[in-house]
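**Student:** Here is my input, please return the structure:
(4 chains)
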Number of protein chains: 4
Amino acid sequence: MSSFGTLFRVTTYGESHCKSVGCIVDGVPPGLDLTEEDIQPQLTRRRPGQSKLSTPRNEKDKVAIQSGTEHGKTLGTPIGMMVLNEDHRPKDYSETDVYPRPSHADYTYLQKYGIKASSGGGRSSARETIGRVAAGAIAEKFLQKAHGVEIVAFVSAVGSAAINRDPSSPEFQDLLENITREKVDTFDPIRCPDPVVAEQATKIVEETRDANDSIGGVVTCVVRNLPTGLGEPAFDKLEALLAHAMLSIPATKGFEIGSGFYGVSIKGSKHNDAFYLDPSTGRFRTKTNYSGGIQGGISNGENIYFSVAFKPPATISQEQQTASYEGKDGVLKARGRHDPNVVPRAVPIVEAMTALVLADSLLIQKSREYGKSMLQ
Amino acid sequence: MSSFGTLFRVTTYGESHCKSVGCIVDGVPPGLDLTEEDIQPQLTRRRPGQSKLSTPRNEKDKVAIQSGTEHGKTLGTPIGMMVLNEDHRPKDYSETDVYPRPSHADYTYLQKYGIKASSGGGRSSARETIGRVAAGAIAEKFLQKAHGVEIVAFVSAVGSAAINRDPSSPEFQDLLENITREKVDTFDPIRCPDPVVAEQATKIVEETRDANDSIGGVVTCVVRNLPTGLGEPAFDKLEALLAHAMLSIPATKGFEIGSGFYGVSIKGSKHNDAFYLDPSTGRFRTKTNYSGGIQGGISNGENIYFSVAFKPPATISQEQQTASYEGKDGVLKARGRHDPNVVPRAVPIVEAMTALVLADSLLIQKSREYGKSMLQ
Amino acid sequence: MSSFGTLFRVTTYGESHCKSVGCIVDGVPPGLDLTEEDIQPQLTRRRPGQSKLSTPRNEKDKVAIQSGTEHGKTLGTPIGMMVLNEDHRPKDYSETDVYPRPSHADYTYLQKYGIKASSGGGRSSARETIGRVAAGAIAEKFLQKAHGVEIVAFVSAVGSAAINRDPSSPEFQDLLENITREKVDTFDPIRCPDPVVAEQATKIVEETRDANDSIGGVVTCVVRNLPTGLGEPAFDKLEALLAHAMLSIPATKGFEIGSGFYGVSIKGSKHNDAFYLDPSTGRFRTKTNYSGGIQGGISNGENIYFSVAFKPPATISQEQQTASYEGKDGVLKARGRHDPNVVPRAVPIVEAMTALVLADSLLIQKSREYGKSMLQ
Amino acid sequence: MSSFGTLFRVTTYGESHCKSVGCIVDGVPPGLDLTEEDIQPQLTRRRPGQSKLSTPRNEKDKVAIQSGTEHGKTLGTPIGMMVLNEDHRPKDYSETDVYPRPSHADYTYLQKYGIKASSGGGRSSARETIGRVAAGAIAEKFLQKAHGVEIVAFVSAVGSAAINRDPSSPEFQDLLENITREKVDTFDPIRCPDPVVAEQATKIVEETRDANDSIGGVVTCVVRNLPTGLGEPAFDKLEALLAHAMLSIPATKGFEIGSGFYGVSIKGSKHNDAFYLDPSTGRFRTKTNYSGGIQGGISNGENIYFSVAFKPPATISQEQQTASYEGKDGVLKARGRHDPNVVPRAVPIVEAMTALVLADSLLIQKSREYGKSMLQ
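**Tutor:** Predicted structure coming up:
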């Protein structure tokens, strides 16, 4: 379905070539200062056409708040948001009336719905994520105001060029501790905040583009200053909600939290995060953070960090041998230029989905804390 | 929360040392042949104490159906199931009154609830998964009866001993195509269906056990014969639901579907799964399956396969330097013998959660298909 | 929250004086012929300012579909709909900055959210129902296409002028059997399809208006041709969902299904609806229909009928002695002319909410029927 | 489905003649003193066979807590509860293999599920409400501890014998203000706290019983000391949730809140509840309470009161002319003695469902209040 969340809930609408795309964000706390200025920056970061490395399709993506605010403050009522679709060019995609594009959603949507949008990716288009990013910007502002929560995502791999994500790596932990969104964006347009890897990654993207091919990557995200206690056993563990959120982003293939797949080979005596009391803050901390800030499905106050794998974009600028809807072998021709790598644009989407999970979990946990406070 | 699913929904209850653990399974289609015999085998596979490699705690885990069936057939009403907790030994864990166990849920549960179960892992104990496995056995039987769906999970890695999960590997694809649950269990107790890796893995577990330490692993799961069309854009993509389900299993740290993290480095021209019409079956197929059986969030009829990373168990048989609840540094003593590696026991849990996701998605999709059928 | 439904789900947004109001309808079956023409008529029926009996505020309420259709057919994806708010006159309501209006939502919204919309009713305004009516029109079209379902609501009482709703009354049963929406609208603007009661009701509204007062009424709704089997025990009985839907409409105070409050005094031997097989249709029928088409929470194929009580509108054109937000006694002055009676306008809202409940229940039941069909 | 609630959620299981009935209550705040002693009284009040006016079927209904508490305190984890079904007498009902009982759920369950429980009412049996009452007792204890909330239901009508529920009646308002559960139970077994009406009602029940017939009634419920702000616009208004809850109770046909159906004929100038500041408490109050404690879907701090109509029980001790499952006309014989009137037993069920709605709404609202508190 097109809704996500329990108390802080977003519902999105829109396809690639309809009149507009947008969302309704329900459950936003009242009294939050909010105008389009708070939302537009992340939409702009999500926008394609920002540099030579990404697709030239120039979208403007100006968001307009429809409801839920007055005099620049949220009312507690649902916030409707809309972004017009300005670029209607269904003709570009006409060949897809004959061929379902390999590894795209054309075939499965037809199987599911018995009907196919005649143009573009329809609902499976990345334009669907506009509503998510707009909603996430609100969630993020609330988290920031309420608890100083910081959410920063960045590209940690493109193809084989990768930052070492082994949680034992001091460089990686240092990155998680200190990286800012501003710093990430200085690595324009690759958003990989390691000069060496960024250079390799850029080169890979350029070579891939020149080969009319595409390549995937990894986005890593860190959350700092999150209160303890978020996440609900048993099925709605915080990492389960994050995994759900991340794998709902188009083109994702994997998720790992904390030590992730690396943790498989680490002995328990090392992997266990021993406790200590931080005398300077009075906070209960862990000496290491293989857990990734979540234990037993509940946030422990340490940094939450996780990584998301993105496959290479399915749309490539070269011919593909495949079958038509009627089952006849043939060649799907290449049309125009396409984004050889989407991970830099995925950065704000990962941040948005993270913020949506956390805002919802926070509201739920605060009701739990109220409950226990009344019984003490 | 303790419920999972929309139309096929399980709700579980129970801690490590309460009277019983169990679940309610709502939305089971009526007319399914069902007795305890259908459920017990997976519970027994989940049970610890089956061999020298796992913990000696001998649980019997006999399930009793409370409701929802008559004369061995389901009625369509909720199925209550219960397993008594026979082994109450709170004293074993008394030291945890003083120390929150590192990387366990003691501290975070206290943060969340302001109260801690005085013994065992409470709700975070693996005994909570009994209800899931019981529910999953019902889901699985329905899927099998309705569409011949096969779900087989197996251990693909223990520590550094790993089956090559690169989706380009013919051996891996062959394993996914042919592995059976019976075959997996012939590799007793390691459940890794590759003789060489199984031997390495067994050795790693033994060495780890002898070092009073613990080690993690990977469980891979394949689903065969699933109908097309399952999964709901945008937020409830099938892989998102599977990721949610898997990361809700205790001790999991990662999830990857299809090419997963490997897919990051594969070029789109290779990664794209070209279509063809299989003349022998008349089915629309893909030549490769990097997608892992899901495209655009919707099942395409190919095998679904995914892997789940498990961290090393937090409970180890050696002393740990850590802090008490009061923030004083100290040593948490080791008590008894503990499971050095849980991945073989996780196999039926992964299968169960998979079945729960798929049964629910199937019921939802069938309502979609009805809708469209009425309009043609 | 602002969402309603499980598989067929509407989410609404909008206050009385924001930029637009609207909704997202998720889960609409694909392949339904749908344009604004299908939605506008019910919005127009909902519109105030249609006659001398209702408020002169002239809203145009033109709906614009944003997404989810292509070439006039639904795609199965979410349908975004928007209606601009054209009439921004916050000044009219400025006195409400001082006084919470009696029996309005001003005080409770402030208690809930700690903030109040500076104008109009904010989210509690009847304009919120625009999204519901638009969504309901889609649900209704699907029900009609799929099963020929007919939903007709009408005014059955205004003040003390009332159609006899005793389920034993042959005239009432005849009305339920035969009333059409067209017929209802011939009683313009009172929508009470009994000439005598309509005349009395009109007189009551006129007298009430002239006294600067307001008066309530009852809307009765009948559903014909609904398939059997809809509704989910135990908590989601069909009448429970209808009651939820109806009591979510602003200004409602009561709901009764079938015999309702009349049924309290009828003996079981009379109230029980005996079965018979209708030889002409082969359908299993009941001789009477005190049950109102639902037994055990599940539709039995007979007409569903229920009534909804509406209180007198809280906004009246006379002074009211009350207290200011600061707790000082004072007089809230009357401003302009207000609708003395809203029940005729509530007719399409009741129809819309009914359609939303039924479309959702139908989709859910069809998944149940699929389940059992696979096991026979 | 068999679940109810969002943050405080009950899931029930069980039919009339299976092994046990029970429930899982999820989201109970931690730290609540809770043993079976807190739950049993309401179950006992619900029990049949307590007097000559009700059915002689003697159920013991002893509840056993399975999980979620330790040392008599809740842990915050799900509370499993179970009541054994001791009275298995499927033979009594064997004639229902031939005839669907009129106005019972036999036919509709068959339509829904394609299978029928061979005995008793199956899932539609009143035994399903045991889980609700057990869960409600916990919700109620929390509400009482946290805010001193009082919930008292009583019989206000049996057949034509009725307490005047006109909200203008000082006697009725006095009853709502002062009635206690203890007082209600002094009117044993009729639970109608008006001596005159109680006597009439008792006589009606006796006459109905002697005529082998059945009769319905009304249960009125009042909630005192509820905090303001509960209920969620637009679809989850507090009265909508209460209506949903009440109409989910077997045999209910109607619901009215505050002025209800009476309010239809009251002019707005009278019906509007004017505000005043209560100098003794500093609380903002209303002089009248036609609203029934809810305005705009949100609690305003006044008493919430509502009434629920119950139809005559469908099972009667006399022959009924009806049709068999095969469509043949025939006579369904009477078997044994049956409850001629169930409303006194419905009293604790109404209280339980009320408590479940309020506990859930309270937890949700407290998360809203947290949200706004962080932004001030």
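
**Student:** contacts and neighbour counts: CA atoms only from here.
**Tutor:** Will do.

**Student:** What helices and strands are in contact with the one helix or strand A:Val347 maps to?
**Tutor:** The secondary structure element spanning A:Val347 is helix A:343-373 (assigned by DSSP states H and E). Using 3 or more CA pairs under 8 Å, 6 or more residues apart in numbering or on different chains; DSSP states H and E as the contact criterion, the neighbours of helix A:343-373 among helices and strands are helix A:36-46, helix A:129-147, strand A:150-158, strand A:217-224, helix A:238-247, helix B:106-113, helix D:343-373.

**Student:** which residues touch the first one?
**Tutor:** Right, helix A:36-46. Helix A:36-46 is touched from outside by A:61-65, A:130, A:133-134, A:137-138, A:141, A:345-349, with contacts defined as CA atoms under 8 Å, 6 or more residues apart in numbering or on different chains.

**Student:** if you set the cut-off to 7 Å instead, what comes out?
**Tutor:** The set of residues external to helix A:36-46 that reach it, using CA atoms under 7 Å, 6 or more residues apart in numbering or on different chains, is A:61-65, A:130, A:133-134, A:137-138, A:345-346, A:348.

**Student:** mind listing the strands for the stretch 251-376 of chain A?
**Tutor:** In order along the chain, the stretch 251-376 of chain A carries the following strands (DSSP state E, counting those that start in this stretch): A:252-257, A:275-277, A:284-286, A:294-295, A:298-299, A:304-310, A:320-323, A:329-332.

**Student:** Starting from the fourth one, tell me which strands it pairs with and how they run.
**Tutor:** Yep, that's strand A:294-295 we're talking about. Take DSSP bridges as the rule and strand A:294-295 pairs in its sheet with strand A:298-299 (antiparallel).

**Student:** repeat for the first one
**Tutor:** Strand A:252-257 pairs in its sheet with strand A:304-310 (antiparallel), strand B:252-257 (antiparallel), by DSSP bridges.

**Student:** are any of the contacts of helix A:36-46 buried, and which?
**Tutor:** The neighbour-count test (16 or more other CA atoms under 10 Å in any protein chain shown) applied to those identifies A:Asp61, A:Val63, A:Ala64, A:Ile65, A:Ile130, A:Val133, A:Ala134, A:Ala137, A:Ile138, A:Arg345, A:Ala346, A:Pro348 as buried.

**Student:** Which of the helices and strands packed on helix A:343-373 has the highest mean neighbour count?
**Tutor:** With neighbours defined as mean count of other CA atoms under 10 Å in any protein chain shown, the helices and strands packed on helix A:343-373 peak in mean count at helix A:238-247, which reaches a mean of 30.

**Student:** ok, it near chain B or not?
**Tutor:** Yes - using CA under 7 Å from any CA of the partner chain, helix A:238-247 reaches chain B at A:Glu239, A:Ala240, A:Leu241, A:Ala243, A:His244, A:Ala245, A:Leu247.

**Student:** For chain C, see how far away the first one is.
**Tutor:** Here the distance between A:Glu239 and chain C works out to 25 Å (CA to the nearest CA, to the nearest Å).

**Student:** So that residue is in contact with A:Gly297, correct?
**Tutor:** Yes - A contact is recorded between A:Glu239 and A:Gly297 when judged using CA atoms under 7 Å, the distance being 6.3 Å.

**Student:** hey, what's in contact with both of those two?
**Tutor:** For the pair A:Glu239 and A:Gly297, no residue contacts each of them under the criterion CA under 7 Å, 6+ apart.

**Student:** ok, back up a step: now the strands paired with strand A:252-257 in TSV, please, with extra columns for mean neighbour count and mean pLDDT.
**Tutor:** Listed next are the strands paired with strand A:252-257 as TSV, based on neighbours: other CA atoms under 10 Å in any protein chain shown; pLDDT from 0 to 100:
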stretch	mean neighbour count	mean pLDDT
strand A:304-310	28	98
strand B:252-257	30	98
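
**Student:** Of all those, which one is nearest C:Tyr370?
**Tutor:** With distances scored as CA to CA, the stretch of the strands paired with strand A:252-257 nearest to C:Tyr370 is strand B:252-257 (28.6 Å).

**Student:** just the angle between that closest one and helix B:343-373, please?
**Tutor:** Here strand B:252-257 runs at 50 degrees with respect to helix B:343-373, directions being taken by axes from the mean of the first three to the mean of the last three CA atoms, to 10 degrees.

**Student:** Any chance you could list what contacts strand B:252-257?
**Tutor:** A:253-261, B:243, B:247, B:292, B:305-311.

**Student:** Out of the strands of the stretch 251-376 of chain A, which is closest to B:Glu70?
**Tutor:** B:Glu70 sits nearest to strand A:298-299 of all the strands of the stretch 251-376 of chain A, at 40.2 Å, using CA to CA.

**Student:** That closest one: how far from the chain's middle?
**Tutor:** The gap between the average C-alpha position of strand A:298-299 and the chain average comes to 20 Å, counting by CA atoms, centre = their mean, to the nearest Å.

**Student:** what do you get for stretch A:212-220?
**Tutor:** Mean-position distance between stretch A:212-220 and its chain equals 14 Å (CA atoms, centre = their mean).

**Student:** what's the answer for stretch A:243-253, then?
**Tutor:** Relative to its chain's centre, stretch A:243-253 lies at 8 Å (CA atoms, centre = their mean).

**Student:** What parts of the stretch 1-150 of chain A come near chain D?
**Tutor:** Residues of the stretch 1-150 of chain A that fall close to chain D, judged by CA under 7 Å from any CA: A:Pro29, A:Pro30, A:Gly31, A:Leu32, A:Ala146.

**Student:** I'm done for today, thanks for sticking with me.
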